[in-house]
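In: next comes the sequence, and after it the predicted model I'd like to discuss.
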Amino acid sequence: MKIQDVEIYYFDIPLKEPFTITLGTITTSSGVLIRVVTDAGITGIGESSPFQPVTGDTQETNVVAARAIREMLKGKDPLAIESAHKLVGGFLHSNPALIAAFDMALYDILGKAAGLPVFRLLGGDKTTFETDVTTGIDTPENMVKSVQTRLAAGFKTFKIKVGMDPDADVARLQAIRDAIGYDYGIRIDANQGWTVAQAVTALKAMEKFKIQFCEQPGLYSDIAGMKQVRDESPIGIMADESLFSPTDALKLINAAACDYFNIKLMKAGGMTNGLRIALIGEAANIRCMLGCMIETRLGLTAAAHVHGACGNIVFADLDGYFSHTFDPIVDGMAVKDGMITLPEKPGLGVDVDPAFLKKLKRV
């Protein structure tokens with residue numbers, strides 16, 4: 001089997017409303033759709049969902065890199081995923097989200113060729129698991145409304161964005177707990193928004209809210225600061241923006257800087273590195289979460305296959321498409337009452353609506 005062509009499309013979906021975190025506000029999911037076409041009649045699909053303040057790449061840098069990678073992969077064996085990574089690995093640091101798109105497309109082909117869903121091909125048997133749903137930074141009143149709407153939709157665990165003024169963040173969480181009580185899980189994400197001193201103060205004040213863990217309290221590069229926060233915080237610390245690669249995982253372990261890992265395909269460069277990070281975490285007794293940017297259900301389904309394949313991934317934050325104005329994806333993972341169910345079709349078990357595909361701008 002050989003790769004005949006790679007189709008590249010601009011992949012834009014507006015959000016229902018602006019989504020704000022400490023790093024900025026997002027109004028559109030702007031990525032790249034990849035279709036890897038083989039001479040055996042099998043096509044694999046993938047998507048990038050870059051967020052420049054975190055991943056460093058953009059839709060435009062992804063498009064430029066995708067043109068080059070297309071020429072590099074033509075004529076190559078799509079089942080040789082390891083070799084493909086070595087061939088295009090130079091793009092990983094500058095365009096991790098795009099490498100994730102190609103990686104998931106190759107796994108899609110591999111699963112289809114084997115006649116197995118990817119998570120089963122990788123040895124997994126986890127077909128269902130819970131995901132949280134995220135509420136962005138807003139007024140306490142609006143954040144309460146957001147949580148209550150999602151509670152009514154069946155979700156039982158809520159990820160709350162924080163990282164602004166610690167007192168204001170405490171007030172937001174107080175309002176949410178007052179509204180929903182303590183029967184539902186809350187985890188928080190500061191997105192690097194606090195200093196070490198602010199993080200310690202905020203997390204001590206938030207202990208009473210029964211927070212599961214806090215993602216990335218401080219600057220991604222301040223590993224020593226993360227360790228200090230971990231040492232002084234009553235709430236467990238999860239590395240996010242500090243964790244892109246398997247090498248980063250080793251550095252965090254050696255520094256004893258965190259309690260948990262947040263793996264995102266768009267940071268790691270795809271399923272291959274996502275699995276590697278999860279297994280490194282397992283060796284160090286560090287449990288993992290599978291997170292996301294604002295992918296469609298295409299990219300989220302690929303992430304869900306990684307979750308389903310690895311027992312050390314025990315948390316999920318795969319809610320990116322809930323903020324989209326429409327869902328152009330056919331099949332793929334299903335979400336009901338906060339529970340994800342994986343598809344059993346060969347490959348990723350997901351596709352893009354042909355009518356929507358015709359409307360996309362092709363590169």
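Out: Now that the structure is in, tell me what you want to look at. The structure displayed is predicted, hence computed values, not measured ones. Residues are numbered from 1 along each chain as shown.
In: just the element for Leu300, please.
Out: In the assignment (DSSP states H and E), Leu300 maps to helix 297-309.
In: name the next helix or strand downstream of that helix, please.
Out: Assignment by DSSP H and E places the next element after helix 297-309 at strand 313-316.
In: need the contact partners of that following strand.
Out: With C-beta atoms under 8 Å, 6 or more residues apart in numbering as the test, strand 313-316 has contacts from 129-132, 187, 260, 263, 278, 287-291, 304, 306-307, 340. C-beta here means a position set from N, CA and C on the backbone, and glycine is covered the same way.
In: tell me which of these fall in helices.
Out: Counting by DSSP state H, the part of the contacts of strand 313-316 found in helices is Ala278, Ala304, Val306, His307.
In: pull the most distant pair out of those residues.
Out: Ala278 and Ala304 (13.5 Å; C-beta to C-beta).
In: more crowded one of those two?
Out: Neighbours of Ala278 and Ala304, each counted by other C-beta atoms under 10 Å, are more numerous for Ala304; the result is 33 against 26.
In: quick one on the thing from earlier: among the ones in helices among the contacts of strand 313-316, which one sits closest to Val330?
Out: Ala304 (15.6 Å).
In: my read: Ile3 touches Thr38, true?
Out: Yes - in terms of C-beta atoms under 8 Å, Ile3 counts as a neighbour of Thr38; the distance is 5.8 Å.
In: what sits in contact with each of those two?
Out: Pro78.
In: the two: which is more packed in?
Out: Using other C-beta under 10 Å, the more surrounded residue of Ile3 and Thr38 is Ile3, with 22 against 19.
In: could you point out the longest strand of the protein?
Out: As assigned by DSSP state E, the longest strand anywhere in the chain is strand 3-21.
In: buried set for the helix or strand just after that one?
Out: Scanning forward in sequence from strand 3-21 by DSSP H and E, the next helix or strand is strand 24-38. Neighbour-count burial for strand 24-38, counted by 16 or more other C-beta atoms under 10 Å, picks out Ile26, Ser29, Ser30, Gly31, Val32, Leu33, Ile34, Arg35, Val36, Val37, Thr38.
In: adding distance to Ala283, write those out as CSV.
Out: Below are the buried residues of strand 24-38 laid out as CSV (distance: C-beta to C-beta, whole Å):
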residue, distance to Ala283
Ile26, 35
Ser29, 34
Ser30, 37
Gly31, 32
Val32, 34
Leu33, 35
Ile34, 32
Arg35, 36
Val36, 32
Val37, 38
Thr38, 35
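In: and of those, the nearest to Arg177?
Out: Ile26 (26.5 Å).
In: okay, and the beta partners of that closest one?
Out: Phe19 (DSSP bridges).
In: who's in contact with it?
Out: Leu15, Pro18, Phe19, Thr20, Phe51, Ile294.
In: do I have it right that the second one meets Gly24?
Out: No - in this structure Pro18 lies outside contact range of Gly24 using C-beta under 8 Å: 10.0 Å.
In: output the below-cut-off pLDDT ranges for the stretch 101-250 of the chain.
Out: Within the stretch 101-250 of the chain, not a single segment meets pLDDT under 70.
In: could I get the full set of strands for it?
Out: Using DSSP state E, counting those that start in this stretch, the strands of the stretch 101-250 of the chain run over 128-130, 133-135, 157-161, 185-189, 211-215, 237-239.
In: so which of these is nearest Gly56?
Out: Across the strands of the stretch 101-250 of the chain, Gly56 has its closest neighbour in strand 237-239 (17.2 Å, C-beta to C-beta).
In: same for that closest one, what does it pack against?
Out: Counting contacts by 3 or more C-beta pairs under 8 Å, 6 or more residues apart in numbering; DSSP states H and E, strand 237-239 packs against strand 211-215, helix 223-232, strand 260-264.
In: hmm, 10 Å instead?
Out: strand 185-189, strand 211-215, helix 223-232, helix 246-255, strand 260-264, strand 287-291 (3 or more C-beta pairs under 10 Å, 6 or more residues apart in numbering; DSSP states H and E).
In: quick one: contacts of that strand?
Out: Contacts to strand 237-239, defined as C-beta atoms under 10 Å, 6 or more residues apart in numbering, come from residues 187-189, 199, 203, 212-218, 220, 223, 226-227, 229-231, 248-249, 251-253, 255, 257-263, 281, 286-289, 291, 315.
In: mind checking how far Ile280 is from Ile237?
Out: Distance of Ile280 to Ile237, given as C-beta to C-beta, to the nearest Å: 17 Å.
In: nope, Thr341 is what I was after
Out: 31 Å.
In: again with Gly56
Out: Counting by C-beta to C-beta, the gap from Gly56 to Ile237 is 23 Å.
In: compare these two and say which is more crowded by neighbours.
Out: Ile237 (22 against 16).
In: for that one, name its beta-bridge partners.
Out: Assigned bridge partners for Ile237, using DSSP bridges, are Cys214.
In: ok so, going back, quick check: neighbours shared by Ala278 and Ala304?
Out: Leu290.
In: would you mind finding the longest helix in the chain?
Out: Longest helix in the chain, counting residues (DSSP H): helix 96-114.
In: related to what we said a few turns ago, in the helix holding Leu300, which residues are buried?
Out: For helix 297-309, the neighbour count (16+ other C-beta under 10 Å) marks 297-309 as buried.
In: that older thread, which neighbouring elements make contact with the longest strand of the chain?
Out: Contact partners of strand 3-21 among helices and strands, from 3+ C-beta pairs under 10 Å, 6+ apart: strand 24-38, strand 43-48, helix 59-73, helix 96-114, strand 133-135, strand 157-161, helix 354-359.
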